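Asks: Sequence plus the predicted model coming up.
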Amino acid sequence: MTKKISSTAFLVFRLGVTLLFLLSLFAIDFDNPKDIVSITTLHRIAHPHVLFHVVETNLLKIVRLISDGAWQYITAALGVHLACIGLLTVRWQMLLSLQGMRIGFFRLFAYYLIGFFFNNFLPTNIGGDISRVINTAKHKGKTVESVAVVFMERFIGFLAVFVLALVSMLLNRQWIGNLPALYALVLFAFAIGATLLVLFNKTIRTAVKTLIARVGFIHLNNTLAKLFQSIQLFQGNARALVVVLALSFVYQFVLALYTMLAAHGVHAPAPFFPVFFVIQITTLICVIPISMNGLGVREYLYVQILLLSGVPAERTMALQLVLFCIMYFESLMGGCLFLLQKGIKKARDTGMFTASSLGGKIGSHK
């Protein structure tokens, strides 16, 4: 009962944070660049009639920017983002092969889209990660190995983001004054260091196992032992891990290209490095589940950082809406694939048809 109340309270907190950030952003005076979460903005939020008028005006500006947008750039952005998912799929496929799990590219690509669909229901990317683990485990019957692969994939991805964010901040000293970005870097430096120690330091790993055993979670300890064993298989494949890390770096650069194309789509051309930097920082900060899927927090950081490069707040908000729609469209694609996958499984279980009579199922490439 207490656990349920705590979960509900945390959900309410995250909803509250999300609404506060979104209201703060939509209550900004777009004609006044300094009016980002100022006392004036908070005053508008406290007066519903004023807030409604300002939000309505700002929404009309944003919608007008999108409707007058260059749709060829937005379409190109969608194509580039699908290519980004392709890069992630190759990275995932490489790590799976190191655990002896050989799965076709198109099947994994479909699993990634299905994961995007489940990201809508759980904080950060947990829903997608769980979905991917379940799908690969069902396909190959290796649950612990599937968890180890997704964990290592995430860890290497965040390591790449951390390095790129740090380099970006050092190249442009004015970003060091961005406290949320600075706090995120410090937090993740400790997190990465602690993770490396637990994974690859035998003494600390043994201490963690002993602590878990003393608490009484024997079953968890056995599972962790298997997980550590699976993760240690990666140690003997340093060359493959370097390639995976390189793919993670390439992915971030392609992601910046995708964002810049979408920005051109709403006539908000921004310099490459501010866009690149804000992607790294928002990725790090939005891992902390303080809002619903990073909503509100991400938009605030984009507005704040791109404003330093002369991109007006309303154009950044229009950009964020376009990016959100692209991600939502891809998650709907994942939802359709999930329903199709579920329908095929149900039909096969009831003997309505076989995979051969269907002509193959989703991602049947081996």
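Replies: Right, received. Where do you want to start?
Asks: ok, now how distant is Lys346 from Ile134?
Replies: 17 Å (Cβ to Cβ, to the nearest Å). For glycine as for every other residue, the C-beta is placed from the backbone atoms N, C-alpha and C.
Asks: got it, and Leu306?
Replies: In terms of Cβ to Cβ, Leu306 sits 37 Å off from Ile134.
Asks: quick revisit: tell me which of Lys346 and Ile134 has more neighbours.
Replies: Ile134 (16 against 10; other Cβ atoms under 10 Å).
Asks: next SSE after the helix or strand containing that one?
Replies: Using DSSP states H and E, Ile134 maps to helix 126-140. Toward the C-terminus, helix 126-140 is succeeded by helix 143-171 as the next helix or strand (DSSP H and E).
Asks: name the helices or strands packed onto that next one?
Replies: Packing contacts for helix 143-171, counted by 3 or more Cβ pairs under 8 Å, 6 or more residues apart in numbering; DSSP states H and E, involve helix 71-98, helix 126-140, helix 179-200, helix 218-232, helix 238-265, helix 272-285.
Asks: mean confidence score for the fourth one?
Replies: Taken as a whole, helix 218-232 has an average pLDDT of 68.
Asks: try stretch 169-187
Replies: Averaged over stretch 169-187, pLDDT sits at 66.
Asks: got it, and stretch 240-251?
Replies: 94.
Asks: So for it, what gets flagged as buried?
Replies: Within stretch 240-251, the residues that count as buried by 16 or more other Cβ atoms under 10 Å are 241, 244-245, 247-248, 251.
Asks: Export those as TSV, with columns for distance to Ser67.
Replies: TSV is the format used below for those (distance: Cβ to Cβ, whole Å):
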residue	distance to Ser67
Leu241	46
Val244	41
Leu245	41
Leu247	37
Ser248	36
Tyr251	31
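Asks: Leu261 against Gln72, yeah?
Replies: No. Using Cβ atoms under 8 Å, Leu261 is not in contact with Gln72; the gap is 9.4 Å.
Asks: quick one on the thing from earlier: export the helices and strands packed on helix 143-171 to a markdown table and tack on distance to Gly335?
Replies: Formatted as a markdown table, the helices and strands packed on helix 143-171 follow (distance: least, Cβ to Cβ, whole Å):
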| stretch | distance to Gly335 |
| --- | --- |
| helix 71-98 | 15 |
| helix 126-140 | 11 |
| helix 179-200 | 31 |
| helix 218-232 | 30 |
| helix 238-265 | 21 |
| helix 272-285 | 24 |
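Asks: Mind checking the ones you listed for the one nearest to Gly334?
Replies: Closest to Gly334 of these, according to Cβ to Cβ: helix 126-140, at 8.6 Å.
Asks: Now do the closest one: which elements does it pack against?
Replies: helix 105-118, helix 143-171.
Asks: Could you look over those helices and pick the most buried one?
Replies: When the helices and strands packed on helix 126-140 are scored by mean count of other Cβ atoms under 10 Å, the highest mean neighbour count falls to helix 105-118 (a mean of 21).
Asks: could I have that one exported to PDB, CA atoms only?
Replies: The C-alpha trace of helix 105-118 is given here as PDB (Å, rounded to 0.1, in the frame of the first residue of the first chain):
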ATOM      1  CA  PHE A 105      18.700  -6.100 -38.900                       C
ATOM      2  CA  PHE A 106      15.100  -5.600 -39.900                       C
ATOM      3  CA  ARG A 107      13.800  -7.500 -37.000                       C
ATOM      4  CA  LEU A 108      15.900  -5.400 -34.600                       C
ATOM      5  CA  PHE A 109      14.900  -2.200 -36.400                       C
ATOM      6  CA  ALA A 110      11.200  -3.200 -35.800                       C
ATOM      7  CA  TYR A 111      12.000  -3.900 -32.200                       C
ATOM      8  CA  TYR A 112      13.500  -0.400 -31.800                       C
ATOM      9  CA  LEU A 113      10.300   1.200 -33.200                       C
ATOM     10  CA  ILE A 114       8.200  -0.900 -30.900                       C
ATOM     11  CA  GLY A 115      10.400   0.300 -28.100                       C
ATOM     12  CA  PHE A 116       9.700   3.900 -29.000                       C
ATOM     13  CA  PHE A 117       6.000   3.100 -28.600                       C
ATOM     14  CA  PHE A 118       6.500   1.900 -25.100                       C
END
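Asks: which residues touch it?
Replies: By Cβ atoms under 8 Å, 6 or more residues apart in numbering, the residues outside helix 105-118 that reach it are 85-86, 88-90, 92-93, 96, 125, 127-132, 135-136, 139, 327, 330-335, 337-338, 341, 362-365.
Asks: remind me, longest helix of this protein?
Replies: helix 313-349 (DSSP state H).
Asks: Now that helix: buried residues?
Replies: 313-323, 326, 330-331, 333-335, 337-338, 341, 344.
Asks: What of stretch 233-240?
Replies: For stretch 233-240, by 16+ other Cβ under 10 Å, it's Phe234.
Asks: tell me how far the ends of it are from each other?
Replies: Chord length of stretch 233-240, first to last residue, is 12 Å (Cα to Cα, to the nearest Å).
Asks: do the same with stretch 138-145
Replies: Using Cα to Cα, the two ends of stretch 138-145 sit 12 Å apart.
Asks: Nearest to Ala148 among the helices and strands packed on helix 143-171 would be which one?
Replies: Nearest of those (Cβ to Cβ): helix 218-232, 3.7 Å.
Asks: for Val311, helix, strand, or coil?
Replies: Here Val311 takes the coil state, with states given by DSSP: H, G, I helix; E, B strand; the rest coil.
Asks: wait, doesn't it sit right on Ala268?
Replies: Yes. When contacts are counted by Cβ under 8 Å, Val311 is listed as touching Ala268 (5.4 Å).
Asks: before we move on, back to that, average pLDDT for the helix holding Ile134, rounded please.
Replies: Taken as a whole, helix 126-140 has a mean pLDDT of 87.
Asks: Appreciated, that's everything.
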